[in-house]
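Engineer: here is the input, now give the coordinates:
(one chain, ligands or ions: 2)
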Amino acid sequence: MTLLSTTLVKRLADPRLFRQYAYVNGKWTHGEGGREESVYDPATNEAIGHIPLLEAKQITAAVDAAEVAFVRWRALRADERCERLLAWYDLIQANREDLATIMTLEQGKPLPDARGEVEYGASFVRWFAEEGKRTYGETIPSHIPNASLGTIKEPVGIAAMITPWNFPLAMITRKAAAALAAGCPVIVKPANETPFSALALAELAERAGIPDGIFNVVLGEPAEVSKILCSEPRIRALSFTGSTRVGRLLMEQSAGTVKRLSLELGGNAPFIVGPDMDPKEAAYAAVAAKFQTAGQDCLAANRILVHESIHDEFVVQFTERMVALTVGNGLQEEVDLGPLIHRQAVEKAAAIVDDAISRGATLIRGDQSQAPGENFFMPVLLTNVTPQMKVWREENFAPVAGITAYSSDEEAIELANDTEYGLAAYVYTHDIRRIWKLMRALEYGMVSVNSVKMTGPPVPFGGVKQSGLGREGGATGIDEYLETKYYCLGALGSVSGS
Ligand SMILES: NC(=O)c1ccc[n+]([C@@H]2O[C@H](COP(=O)([O-])OP(=O)(O)OC[C@H]3O[C@@H](n4cnc5c(N)ncnc54)[C@H](O)[C@@H]3O)[C@@H](O)[C@H]2O)c1
Ligand SMILES: N[C@@H](CC=O)C(=O)O
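Structural biologist: Ligands and ions are numbered 1, 2, ... in the order given. Alright, predicted model coming up:
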């Protein structure tokens, strides 16, 4: 154990939640090839621990274990699986503070946000524990004489999950709870930047009585592990949350085994402000929608489109609110924005800002000499942003906001839809006709009107276009892990019994 991981352990009420091994078939597992990788606190760049990089045969062993465990897990009654998931939920809640501390140390987000994510992540476990009891089939009016027709729902099989570093806990539970409730074993490959939240979840799953081989966490070199998971025929479903670039790659790699795919990919959300809005109210909402998780959020409001009649006042209000945000180590009190995940993310953000300025954008605020450390990026506001700029075309995943003025609803719609992404869009206006028109015309999987918060367990979360495939959460989230089996019971005799 390194010196700093000892410090991490000292911060935890339950040090056994901090694990530096993979978790396969109910066992904490070393890498057999001796390869390891360090994990860093992005706020300080200090190593907080290390993880083993598993060998190919160890990943295959996780699939072997899941295959064996599947037989008994799928045979449990739905309410028996539900009990274990509820026990997991209770343990996550009971250990919320430790889970939040681990998350802040590996991801950097402020502690209150980390606590919020633990709560959010746990809520999916409870939701799917309940939904697992409602995987109804249907009866079908028969067109075949003396036959009865219908469907039943069955677990799809072993499900692999590849998850990102920006929400290291909730992006796992939103997938895993649905799969487990459906009767599927799960193999999770978390991001190497943030493995410890996933491993703490594994420790709690074990304590909750989730059997060996049903919840596995594999660690390794990402491209290597993902290739094995995608090409393994016994894995029947792959659920990925991450960038559109890697999503495309995994889709290609999964083609050979024709897997069920759920893809939650990048976003580049527009935030449209109508002419009837109070500029201050809308600007404060836009700041909240842009800067959460230091802008490293798939729902971040990257392209802010403001009606020309209120544009200037909106910019004044936005700036005032933005400069009041505190940037610092997420463990400190009253910090609004933590660090970016690593130095490359800071460099990418700086390049996006430079590109915008070189193409005619105006830098309103964003003095990087004020950054409190190597991986920090001060919030930036750019105006006169145009579709030719990277800040428009690329998901910046940083605290960089771009504002553009528009003159008509039609122009706002065209600008908002001018992207390969289609995850979420925000609309701020109180004009009901405009709300309806924009909501219908926006090519996005989710449209939030006059509300920054849009997510939660009852919601079908997901995107259109190159933001992904499928929906997580909600009444249909469990369907990603279920097959529909049609049956025809023939030669039953007639209804009258003849
Ligand atoms: N739609 C959503 O619900 C949602 C939620 C959170 C994050 N995201 C997206 O995730 C992205 C940020 O996360 P990220 O930087 O971790 O994404 P990423 O695509 O770089 O990585 C995601 C996962 O894929 C793995 N990976 C990376 N390169 C790989 C490769 N070549 N082959 C196989 N696997 C590989 C990583 O180790 C990680 O586990 C953003 O685009 C964001 O919008 C989407
Ligand atoms: N904020 C999103 C995650 C995207 O990065 C969510 O609520 O799922």
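Engineer: and the residue of this structure closest to ligand 1?
Structural biologist: For the chain and ligand 1, the shortest gap (C-beta to the nearest ligand atom) falls at G242, measuring 2.7 Å. No exception for glycine: its C-beta is placed from N, CA and C like everyone else's.
Engineer: that residue - nearest residue in space that isn't next to it in sequence?
Structural biologist: P164 (4.6 Å; C-beta to C-beta, 6 or more residues apart in numbering).
Engineer: ok, that neighbour touching A170?
Structural biologist: No. If you go by C-beta atoms under 8 Å, P164 and A170 don't touch, sitting 10.6 Å apart.
Engineer: more neighbours, these two?
Structural biologist: Using other C-beta atoms under 10 Å as the criterion, P164 and A170 rank with A170 on top: 23 against 20.
Engineer: show the contacting residues for the residue of the chain closest to ligand 1.
Structural biologist: By C-beta atoms under 8 Å, 6 or more residues apart in numbering, the contact list for G242 reads 162-164, 191, 264-265.
Engineer: now do G274
Structural biologist: By C-beta under 8 Å, 6+ apart, G274 lies in contact with 307, 427-431, 434.
Engineer: for the residues you listed, which PyMOL command selects only the ones that are buried?
Structural biologist: Typed into PyMOL, the next command selects the buried ones out of those (criterion: 16 or more other C-beta atoms under 10 Å):
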select buried, resi 307+427+428+429+434
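Engineer: sort out which of the contacts of G274 are in strands and list them.
Structural biologist: Under the assignment DSSP state E, the contacts of G274 contribute 307, 427-428 to strands.
Engineer: centroid residue for this structure?
Structural biologist: Centroid check for the chain by C-alpha atoms, centre = their mean gives M171 as the closest residue, at 4.0 Å.
Engineer: what packs against the helix or strand hosting that residue?
Structural biologist: In this assignment (DSSP states H and E), M171 forms part of helix 170-182. Other elements packing on helix 170-182 under the criterion 3 or more C-beta pairs under 8 Å, 6 or more residues apart in numbering; DSSP states H and E are helix 78-94, helix 111-131, strand 158-162, strand 186-189, helix 195-207, strand 235-241.
Engineer: try 6 Å this time
Structural biologist: Helix 170-182 sits against helix 111-131, strand 186-189, with contacts defined as 3 or more C-beta pairs under 6 Å, 6 or more residues apart in numbering; DSSP states H and E.
Engineer: can you list the strands that the helix or strand just after the longest one pairs with?
Structural biologist: Proceeding N to C from helix 111-131, the next assigned helix or strand is strand 138-140, under DSSP H and E. Strand pairing for strand 138-140, using DSSP bridges, gives strand 148-155 (antiparallel).
Engineer: list the buried residues of the partner strand.
Structural biologist: Buried-residue list, strand 148-155, by 16+ other C-beta under 10 Å: 149, 153-155.
Engineer: again, but for stretch 368-387
Structural biologist: For stretch 368-387, by 16+ other C-beta under 10 Å, it's 375-383, 385.
Engineer: and if you look at stretch 129-144?
Structural biologist: 129, 131-132, 135.
Engineer: residues in contact with it?
Structural biologist: Here stretch 129-144 makes contact (C-beta atoms under 6 Å, 6 or more residues apart in numbering) with 78-79, 81-82, 85-86, 149-153, 181, 478.
Engineer: start to end distance for it?
Structural biologist: One end of stretch 129-144 sits 37 Å from the other (C-alpha to C-alpha, to the nearest Å).
Engineer: helix, strand or coil: sort out E483 for me.
Structural biologist: At E483, secondary structure determined by DSSP: H, G, I helix; E, B strand; the rest coil is strand.
Engineer: distance of it relative to S239?
Structural biologist: Distance of E483 to S239, given as C-beta to C-beta, to the nearest Å: 15 Å.
Engineer: what of G366?
Structural biologist: Distance check for G366 against S239: by C-beta to C-beta, it reads 36 Å.
Engineer: settle it for me: which of the two has more neighbours?
Structural biologist: Neighbour totals were compared for G366 and S239, and S239 leads with 29 against 20 (other C-beta under 10 Å).
Engineer: confidence score at that one?
Structural biologist: In this model, S239 is scored at 98, pLDDT.
Engineer: M1 now?
Structural biologist: With respect to pLDDT, M1 has a value of 48.
Engineer: with G497 instead?
Structural biologist: G497 carries a pLDDT value of 57.
Engineer: ok so, going back, now, which of the ones in strands among the contacts of G274 sits nearest V273?
Structural biologist: Among the ones in strands among the contacts of G274, Y428 lies closest to V273 (C-beta to C-beta), at 4.8 Å.
Engineer: how about the contacts made by that closest one?
Structural biologist: Contacts of Y428 (C-beta under 6 Å, 6+ apart): 273, 277, 282, 450.
Engineer: quickly list what the first one is bridged to.
Structural biologist: When bridges are taken as DSSP bridges, the partners of V273 come out as V306, Y428.
Engineer: quick check, pLDDT for it.
Structural biologist: As predicted, V273 sits at a pLDDT of 99.
Engineer: from here on, call the first residue 247.
Structural biologist: I'll keep to 247 as the first residue from here, and by that count the last item is V519.
Engineer: just give me the neighbour total for it.
Structural biologist: So V519, with other C-beta under 10 Å, has 27 neighbours.
Engineer: quick check: it vs ligand 2, distance?
Structural biologist: 21 Å (C-beta to the nearest ligand atom, to the nearest Å).
Engineer: isn't that residue right up against A528?
Structural biologist: Yes. Counting by C-beta atoms under 6 Å, V519 does reach A528; the two are 4.5 Å apart.
Engineer: circling back to that earlier point, which one of the contacts of stretch 375-390 is nearest to S740?
Structural biologist: Closest approach between the contacts of stretch 375-390 and S740, by C-beta to C-beta: L395, at 15.3 Å.
Engineer: surely the closest one touches C734?
Structural biologist: Yes. Assessed by C-beta under 6 Å, L395 is found in contact with C734 at 5.4 Å.
Engineer: related to what we said a few turns ago, these two touch, right, the residue nearest to the centre of the chain and W411?
Structural biologist: No. Between M417 and W411 there is no contact under C-beta under 6 Å: 9.2 Å.
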